[in-house]
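> just a sequence and a predicted model for now, questions to come.
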Amino acid sequence: MTVRVLGVPYDAQSSFLRGPAQAPAAVRRVLHCGSANYETELGGDVHPDRWHDLGDLDIPDHAEQALTVIEQAARSASDGHRLLSIGGDHMVTWPLVRGVGTHWPTLTIVHFDAHPDLYDNLDGNRFSHACPFARIMEEGLVERLVQIGIRTLTGHQRDQAERFGVEVHEYRTWNRSLPDNLDGPVYVTIDVDALDPAFAPGVSHHEPGGMTTRELLSCLHELAARPVEVVAADLVEINPRRDVHDMTAMVGAKLVRELLGLMASAGGSDPVH
Ligand code: MN
Ligand code: MN
């Protein structure tokens with residue numbers, strides 16, 4: 001199974017700052033700038049001839065139209081292939097999971113983020129990037145949602161997490177490991193603001209007191225050692241307008257390499273058609 005990479009340059013559901021629509025171009029530029037090689041820490045070869053870059057989607061700002069464009073692209077791109085998407089604000093994960101979920105109806109999402117993104121609505125907007133996991137759980141798109149790095153829970157979002165059975169690992173008490181009982185096909189979504197802003201300043205919402213880059217990489221390596229298949233992943237919320245010397249784009253490029261290695265090395269069981 002080959003891995004396909006899809007740029008999802010959409011940031012119209014950002015509640016605070018625009019900019020993540022520029023992330024696919026920024027991450028690609030840094031990935032291919034010659035600064036680093038194309039091998040993963042675990043020894044995987046992720047040279048560009050080992051995966052297929054589908055380029056960027058053309059997405060209108062209008063929320064319903066954007067949902068349709070992204071969902072259809074994800075459904076087609078993940079048909080018989082692993083899909084790594086580069087967003088975009090976190091709203092894009094909702095249609096991406098809809099699309100991928102047509103082939104993998106029993107997904108577990110492993111979600112790295114400072115924020116649970118479980119608001120029913122933000123200022124009346126149910127499409128906001130603060131809401132995608134409420135939508136995903138309401139639609140029953142996945143079996144499990146495991147959140148790691150969380151440090152901004154509100155009372156409302158605690159209620160939402162309980163209502164949907166979300167497994168929230170707050171960063172302040174997290175045991176620095178993934179849950180023991182992970183199984184099934186896994187969708188990894190990485191909101192780069194899970195990391196401390198010291199490691200990744202190029203995000204819209206700086207939330208101090210976050211994960212180290214190494215902790216996040218260790219989680220990906222732990223997934224590689226588990227009996228799970230990472231069938232799709234996304235990388236969201238990099239905001240190049242706030243980046244410093246491409247530091248965050250470089251974190252993104254590193255995560256892309258490790259995710260490519262993780263998905264290329266996963267087993268080959270067939271999705272449901
Ligand atoms: Mn998020
Ligand atoms: Mn976030």
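Yep, it's here. Residues are numbered from 1 along each chain as shown. Ligands and ions are numbered 1, 2, ... in the order given.

> tell me where the stretch 151-273 of the chain is predicted with low confidence.
266-273 (pLDDT under 70).

> show me the helices in it, by range?
Taking DSSP state H, counting those that start in this stretch as the test, the helices found in the stretch 151-273 of the chain are 155-164, 213-225, 247-264.

> of all the ones you listed, which lies closest to ligand 1?
helix 155-164 (11.8 Å; CB to the ion). For every residue, glycine as well, the C-beta is placed using N, CA and C.

> neighbours of the closest residue to ligand 1 within the stretch 1-150 of the chain, how many?
Of all residues in the stretch 1-150 of the chain, H90 sits closest to ligand 1, at 3.5 Å by CB to the ion. Around H90 sit 28 other residues, with neighbours defined as other CB atoms under 10 Å.

> still on that earlier bit, most packed of the helices of the stretch 151-273 of the chain?
Of these, the one with the most neighbours on average (mean count of other CB atoms under 10 Å) is helix 247-264, at a mean of 23.

> residues contacting the residue nearest the centre of the chain?
Using CA atoms, centre = their mean, the residue of the chain that lies closest to the mean C-alpha position is T189, 2.4 Å off. By CB atoms under 8 Å, 6 or more residues apart in numbering, the contact set of T189 is H90, T93, I109, V110, H111, F112, D113, A233, D234, V236.

> any idea how far the closest residue in space to the first one that isn't next to it in sequence is from V231?
Distance criterion CB to CB, 6 or more residues apart in numbering; nearest residue to H90, sequence neighbours excluded, is H129 at 4.3 Å. For H129, the distance to V231 under the criterion CB to CB, to the nearest Å works out to 23 Å.

> between the two, who's got more neighbours?
The residue with more neighbours, out of H129 and V231, is H129; 31 against 24, by other CB under 10 Å.

> for the more buried one, which three-state class applies?
On the three-state scheme (DSSP: H, G, I helix; E, B strand; the rest coil), H129 is labelled coil.

> number of residues surrounding the closest residue to ligand 1 within the stretch 101-250 of the chain?
Relative to ligand 1, the nearest point of the stretch 101-250 of the chain is D191 (3.5 Å; CB to the ion). By the criterion of other CB under 10 Å, D191 has 26 neighbours.

> now for the closest residue to it other than its chain neighbours: which residues touch it?
Leaving aside its chain neighbours, D191 sits nearest to D113 (3.9 Å; criterion: CB to CB, 6+ apart). In this structure, D113 makes contact with H90, Q147, I148, G149, I150, T189, D191, D193, A194, judged by CB under 8 Å, 6+ apart.

> tell me which two of the residues you listed sit farthest apart.
H90 and I148 (14.7 Å; CB to CB).

> picking that back up, would you reformat the contacts of D113 as CSV and include distance to L141?
Putting the contacts of D113 into CSV (distance: CB to CB, whole Å) gives the following:
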residue, distance to L141
H90, 15
Q147, 15
I148, 19
G149, 21
I150, 20
T189, 12
D191, 18
D193, 23
A194, 21
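
> who in this protein is up against ligand 1?
H90, D113, H115, D117, D191 (CB under 5 Å from the ion).

> is it true that the last one touches D234?
No. Using CB atoms under 8 Å, D191 and D234 do not qualify as a contacting pair, with a distance of 9.1 Å.

> show me what contacts I109?
Going by CB under 8 Å, 6+ apart, I109 touches V97, F133, I136, V142, R144, L145, V146, V186, Y187, V188, T189.

> how about the strands in the chain?
Ranges of strands within the chain are 3-8, 52-56, 82-87, 108-112, 144-150, 167-170, 185-191, 229-236, based on DSSP state E.

> just those: most buried one?
Mean neighbour counts for these (mean count of other CB under 10 Å) peak at strand 82-87, with a mean of 28.
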